[in-house]
Structures are given as structure tokens and as C-alpha cells.
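Novice: Quick one: sequence plus predicted model below, questions after.
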Amino acid sequence: MNPLLSIWSQPKNTVQYMMDNKPISYLIFLAILSSFATGILAFADQGFFVEFSLPVILLIITILSIIGTVAGLGLSSVVYTWIGKLLGGTGTIRNTSYAVAAGLIPTIWTMPLGIIAVILYGKNLFMQPVDIFTITNMSIGFYLPLNLIQLGVSIYAVVVLSKGLGLVHNFSAWRGFGAIAIMIGILVVITIPIIVLIVMIML
């Protein structure tokens, strides 16, 4: 079984296969691949690092994305283990990490989108739009399909993670989805005060 392919048709079996046959290093490999796929577009239109050349920008984004994704894999595994136990689950941090890594696999397939965006827009991809009413430097013909694809992949990634959490914690995929909802709630509670503080400082 190849997890990169089987995740689309057999998400639950894929997680089980990974737990039975793949070392932890494989999960880090998946996280790095996912960082390559999501890093470029995550920094698009943000206006960061524009004083550097395109190769340097890509290098910085790659390094930051790898660090962030690998760290996120570890932290999410710990938090989802804790949430799972609150919901009556029995999973360990090790097994939960396989479910979290499996949830990253669908995003890996969006890697060509970032590459195409760099080819089409170059350094301009990472510049902040000049017009206050403009949200992107990409053309609408590229931006809208890009976001629709990302939305679809993100939804399926949630499905995979829900099933994976259900498997490792020995409860239903719906309860796995509940764990994700709780995680999102925690992030919102943490993020809102930070945003308010930043706005107050800027004012």
C-alpha cells in the first residue's frame, strides 16, 4: 500500500497500514512534503521578504515552512491525544501522530499549484497588493480555481483526520471530528486575544 495514493480511497486502512509498517521518520517526511506544498501559497500576497531575491525568498519560506509543519505535527499529536482522552479515547501520542500525518497527505498533492504560481508570477507573488481593495496579485482566473481546489482538499483532509483520530482512539469518526472542532475552538480562543492586542498596539 502506498499511503500517498491509498489515502484517497482507503483513509482509515491507510492510517492503520502506516501505524503497522512505517517508522516515525516517515511521518516527518510527510510533514516536509506537506510544507513544500503549502508554504509558497501561505506566504503569497503577504509582503514578507520582498527585499530579497526570489531564490532567497523561496529558501526562507521553505525553511520556515518545514520548521512550522514538523513542529505542528508534534504539537498537534500531543493536543489531539489529550482531547481524544477527554472524549473517552485510548490513543497514544505515537499513534495519534500517524493520524495527524495522514491528514497532511491530501495537501501534498497541491504542490504543483505553488510551483505554477511561482512560474506565473515570480517575486510578485509574494508582494502585498498595492490597491487597498485588491486581495491578491494573482489573476482571478487562477486565484478562484486555486482556492476552490484548496478548499476541497482541506475538507477531505478533515475527513481523513477525523477517521484517523477515530481509529487510534477507538471511537467513531464523528467523535474524531468533534476533537477537531475542539482544537479549532482552542485555537480561536488563543488567537482572538493576540489579534486584539496587536490591533491595540498598532493603534
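Specialist: On my side now, so go ahead.
Novice: ok, now how distant is Gly39 from Leu113?
Specialist: Gly39 sits 12 Å away from Leu113, going by Cβ to Cβ, to the nearest Å. The way it works is simple: take the backbone N, C-alpha and C, and place the C-beta from them, glycine included.
Novice: who has more neighbours, the two?
Specialist: Gly39 (22 against 19; other Cβ atoms under 10 Å).
Novice: which residues of the protein score low on pLDDT?
Specialist: Confidence mapping of the chain against pLDDT under 70 gives the ranges 132-133, 202-203.
Novice: correct me, but Met19 touches Tyr98?
Specialist: Yes - counting by Cβ atoms under 8 Å, Tyr98 is a contact partner of Met19 at 4.8 Å.
Novice: Can you check which residues contact both of the two?
Specialist: Residues touching both Met19 and Tyr98 by Cβ atoms under 8 Å, 6 or more residues apart in numbering: Val168.
Novice: Name the residue in those two with the higher neighbour count.
Specialist: Neighbour comparison, Met19 and Tyr98: the larger count goes to Tyr98, with 27 against 17 (by other Cβ under 10 Å).
Novice: Helices of this protein, residue ranges please.
Specialist: Listed in chain order, the helices of the chain (DSSP state H) span 3-6, 11-21, 24-42, 54-86, 93-108, 111-121, 140-169, 173-202.
Novice: of the ones you listed, which approaches Met127 most closely?
Specialist: For Met127, the closest of the helices of the chain is helix 111-121, at 9.1 Å, according to Cβ to Cβ.
Novice: can you give me how far the closest one is from the chain middle?
Specialist: Distance, stretch centre to chain centre, for helix 111-121: 18 Å (Cα atoms, centre = their mean, to the nearest Å).
Novice: how far off helix 24-42 does it point, in degrees?
Specialist: Orientation check (axes from the mean of the first three to the mean of the last three Cα atoms, to 10 degrees): helix 111-121 against helix 24-42 gives 30 degrees.
Novice: contact partners of helix 111-121?
Specialist: Applying Cβ under 8 Å, 6+ apart, the contact partners of helix 111-121 are 33, 36-41, 44, 54, 58, 125, 137-138, 142, 146, 149-150.
Novice: With stretch 139-151 instead?
Specialist: Contacts to stretch 139-151, defined as Cβ under 8 Å, 6+ apart, come from residues Leu41, Thr110, Leu113, Ala117, Leu120, Thr136, Met138.
Novice: Centre of the chain to that stretch, how far?
Specialist: In terms of Cα atoms, centre = their mean, the centre of stretch 139-151 is set 17 Å apart from its chain centre.
Novice: residues of it that come out buried?
Specialist: For stretch 139-151, a neighbour-count test (16 or more other Cβ atoms under 10 Å) marks Tyr143, Leu146 as buried.
Novice: For that stretch, output the C-alpha coordinates as CSV.
Specialist: Provided in CSV are the C-alpha atoms of stretch 139-151 (Å, rounded to 0.1, in the frame of the first residue of the first chain):
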residue,chain,number,x,y,z
SER,A,139,-5.3,36.8,-11.7
ILE,A,140,-8.9,36.0,-10.8
GLY,A,141,-8.8,33.2,-13.4
PHE,A,142,-6.0,31.5,-11.4
TYR,A,143,-6.9,32.6,-7.9
LEU,A,144,-10.5,31.4,-7.8
PRO,A,145,-9.8,27.8,-9.0
LEU,A,146,-6.8,27.7,-6.7
ASN,A,147,-8.9,28.5,-3.7
LEU,A,148,-11.6,26.0,-4.7
ILE,A,149,-9.1,23.2,-5.0
GLN,A,150,-7.5,24.1,-1.7
LEU,A,151,-10.9,24.2,-0.1
